[in-house]
Structures are given as C-alpha cells and as structure tokens.
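Novice: Sharing a model prediction with you, sequence too.
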Amino acid sequence: LTVVWELGGRKTPGYPMGLLSMAVAAEELTLVQFSDIHSGGPYFSAQAFREACQQGLALKPQAVFLSGDHGDNSHDRSGFDQRLLQDVGRWKEVLANYPGEVFLATGNDDYGHNYQSQPDELRATARAFQQAFGSRCYLDELGNGLSPSWLGGFRWITLNSQIFSPVNQTPQAPDQAQTTLNWLQSVLTQGRGPVVLLCHIPPSWDLYMGRPGWRPQYLRRLAYILDGYPGQVIFLCGHLHRNHVQAMRPDRPVPIITSGALATKYGYLPNWRDYRWQVEAPIGMRSLSYTIHYAQHPEWSVDYDLRPDRMQDFLDRLHNQMNFYRDYLRDVYGHHPNWRKWSTNDSIRQRVLEEYWVDPDAE
C-alpha cells in the first residue's frame, strides 16, 4: 500500500503521518495473518499449513503477520533449540519469493519452557528468528521491536506478551515487563499517528474462562500508556486459537482482534485470515474487514466488518441478533463439533458479552 498525499494535482508517496495537512483519498490495505501453527507438535497439520500459505500468498497481500507459536515446546527440552530452528525455518522457504512486508511476534511455544522468559531462552529464540528471517527480523532479544515499515501510514510495534503472563514465573520477568512497557511508552511518544500493536497473547480476559492473559498490573499500566496516546491504536493477536473480537476503552476504542490457529489443538479446525483495511491519512483505519478461511473447507469462509471507532456496534449485534451471535460462536470455536451446543449455553454467552470490553481494573 502507498499512502498518497495530494499535492496541487501531483501525487506523492508519503509515510510518516501528520507531517502534511492535505486531502488524502482512502486506500485499501490487505494483510494476511497466520497464527499458531505449532510446527513439530502433535497438533501440527502440514497439509493445512501448506494450503493456507498457498491461498494466503495468492491474494498478494501487502503484508503478512506471523503471530506466534511457530514451534511447540511440549517435547523434550534438550532438543528444543534445534527443533525451533527447523520450525521457524519453515517460513524461510514459504516467504522466499514474497516481496511484501513481514511482521513478526513470538509465542509461548517459541521458548524452551512454556510461558517463561528465561534470558538464555530469549537469546536462543532471537537467534532462531534472525536465522530464519534475516534482514526482515526487527525483534530484539526480549522479543520486542519496531518494524522499519510505515505500511499504510501505521507504525507496527511488536510486544513479547508472554512476559506479562500470569504463569510466567521467571525471576527476571518483572524487570522485563517494566523494560518492555517503558520502551513502548517511549516509542509512542515519538509520534501521534495510527499504531498497530502486534503480540501473541491478547491484553484481555480469556473469553468465558474468566482469567486474564496478562497480569492485571500490566494491563493497568498498558491502559495508562494508551490513555496518554492521542492516535489510533489497534491490537492484532493470536494464542487463544479462537476468532475473537474484544476492545478496550469505550470512549476511544482500542480493538483487540484475535485470530484462530492453523493447529488442530482444542478440536478447532485450522483457519487463517486476510484483512482489508480502509485507511486514510492522517486518521488511520476507517473500517476493518476480515475473512476467516478454513484450510480444506473453502465453503466455510466468512466475512466480518468492524468500525474501529465504533466497537460498541459489534457488541450490540452480539446482544441483539441471535443468528449473528450463533455464527460468531461457530468461528470463535473453529467449527468444533460442539459449537452449536456451546452457542446456546447461557453462561458462555454471559462471559462473551461481559468480557467484550476489557476492564484493566478487574481482578
């Protein structure tokens, strides 16, 4: 995507938002997201992975987002580092001839001990990503990074969100979290335009499970940082294996859009997605549409449409349109055989509706 600035009848490409005050026509950005392949683990589907990559890249997206859990740490720890090199290396072949942008995030299964952020394992994973992605790898040793790309006029910022997990018992984790959030705040002070925050574990409560993906103190710090940022902010995440829509801050919404997985874990069928974003400088995203594609089941493809500045509308539809809610639950659970039963479960419905707006002050 090239953002076009209208300069006296002459069109000039421009990237940093807010530098000029000109009329700009809306442009469409196409992004493909692949998440949670769990390569090397018991739920990896090589066929689904191949088909999803072929189908997604055939759309010729301007960018690809790989949102974590590329590997799987459920096997013997002694061989994990070598396995991860092979697992992450799958992308090297897939993206060898892809000319667009690549955005990255690491997941809890990309480290030797699940959900932990031990320094030696952070370094090993950083090496694997550097070897697989070469000059495309912009992540530091902590797994954070600011992409050099200004695609669509956005700043694309990756956070290693497993650092914030309640089950991360690494002694250094509190310092890592403080360093990461201080870095994020510093990066945000360097601009005012739209931002996409990329991470594996969403900064939200886990659907009907009633537990946060981040420690509450880190959710509160994140909310404080975002409250001080004047530009548009959007989260893209993975991890839950559920196609999930949530948001923070009803007055100035921060959408939290979570993708399903290419792994078969939890009995969900492999799926991936493409996004079409209508963007307009210097505002950012006007509308967000995405299609969920089920590898090996093209007849199940389904479209969703959101207005980032009107996230309450999506919740209202879940409240008031039972057919929409039912269809949403089908995709949340990735066509699990029990999705129909779960879509009529009152306690699940209550959780879905109550946890749509993420409350950082909830314990």
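Specialist: Done, it's in.
Novice: And for Asp346, the neighbour number?
Specialist: Neighbour count of Asp346, defined by other Cβ atoms under 10 Å: 7. In short, each C-beta sits where N, CA and C put it, glycine included.
Novice: now Leu142
Specialist: By other Cβ under 10 Å, 20 other residues sit near Leu142.
Novice: do the same with Pro99
Specialist: Using other Cβ under 10 Å, Pro99 has 7 other residues around it.
Novice: Name the SS class of it, please.
Specialist: At Pro99 the chain is in coil, as set by DSSP: H, G, I helix; E, B strand; the rest coil.
Novice: Is Ile234 within a helix or a strand, and which one?
Specialist: strand 233-241 (DSSP states H and E).
Novice: buried sites along that strand?
Specialist: Of the residues in strand 233-241, Val233, Ile234, Phe235, Leu236, Cys237, Gly238, His239, Leu240, His241 count as buried by neighbour count, 16 or more other Cβ atoms under 10 Å.
Novice: again with stretch 70-79
Specialist: Neighbour-count burial for stretch 70-79 [16+ other Cβ under 10 Å]: His70, Gly71, Asp72, Asn73.
Novice: Distance check, the second one against Ala263.
Specialist: By that I understand Gly71. With distances taken as Cβ to Cβ, to the nearest Å, Gly71 is found 11 Å from Ala263.
Novice: Which neighbours do those two have in common?
Specialist: His38, Gly41 (Cβ atoms under 8 Å, 6 or more residues apart in numbering).
Novice: could the buried residues of strand 233-241 go into TSV alongside distance to Arg90 and pLDDT?
Specialist: Converted to TSV, the buried residues of strand 233-241 look like this (distance: Cβ to Cβ, whole Å; pLDDT from 0 to 100):
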residue	distance to Arg90	pLDDT
Val233	31	97
Ile234	27	98
Phe235	25	98
Leu236	21	98
Cys237	21	98
Gly238	16	97
His239	19	96
Leu240	22	94
His241	19	95
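Novice: any weak-confidence spans in the protein?
Specialist: Residues of the chain meeting the criterion pLDDT under 70: 1-25, 207-210, 363.
Novice: Can you check what angle separates the helix or strand encompassing Gln278 from strand 233-241?
Specialist: If you go by DSSP H and E, Gln278 is part of strand 271-280. On the basis of axes from the mean of the first three to the mean of the last three Cα atoms, to 10 degrees, strand 271-280 is oriented at 180 degrees to strand 233-241.
Novice: Quick check: Phe314 is in a strand.
Specialist: No. Under three-state DSSP, Phe314 sits outside any strand and is assigned helix.
Novice: For it, give me its contacts.
Specialist: Neighbouring residues of Phe314 by Cβ under 8 Å, 6+ apart: Val245, Leu306, Tyr356.
Novice: Asn97 versus the last one, what's the distance?
Specialist: As judged by Cβ to Cβ, Tyr356 and Asn97 stand 40 Å apart.
Novice: ok, back up a step: and the helix or strand following the strand holding Ile234, C-alpha only, in CSV?
Specialist: Using DSSP H and E, the next helix or strand after strand 233-241 towards the C-terminus is strand 244-248. What follows is strand 244-248, C-alpha atoms only, in CSV (Å, rounded to 0.1, in the frame of the first residue of the first chain):
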residue,chain,number,x,y,z
HIS,A,244,-12.3,-13.4,19.0
VAL,A,245,-13.2,-9.7,19.0
GLN,A,246,-12.7,-7.5,22.1
ALA,A,247,-11.8,-3.9,22.8
MET,A,248,-10.5,-1.6,25.5
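Novice: Parallel or antiparallel, which strands does strand 244-248 pair with?
Specialist: Applying DSSP bridges to the sheet, strand 244-248 is found paired with strand 254-260 (antiparallel), strand 357-358 (parallel).
Novice: Which residues does the last one contact?
Specialist: Just to be clear, that refers to strand 357-358. Pro203, Ser204, Trp205, Leu219, Gln246, Ala247, Met248, Pro250, Ile256, Leu315.
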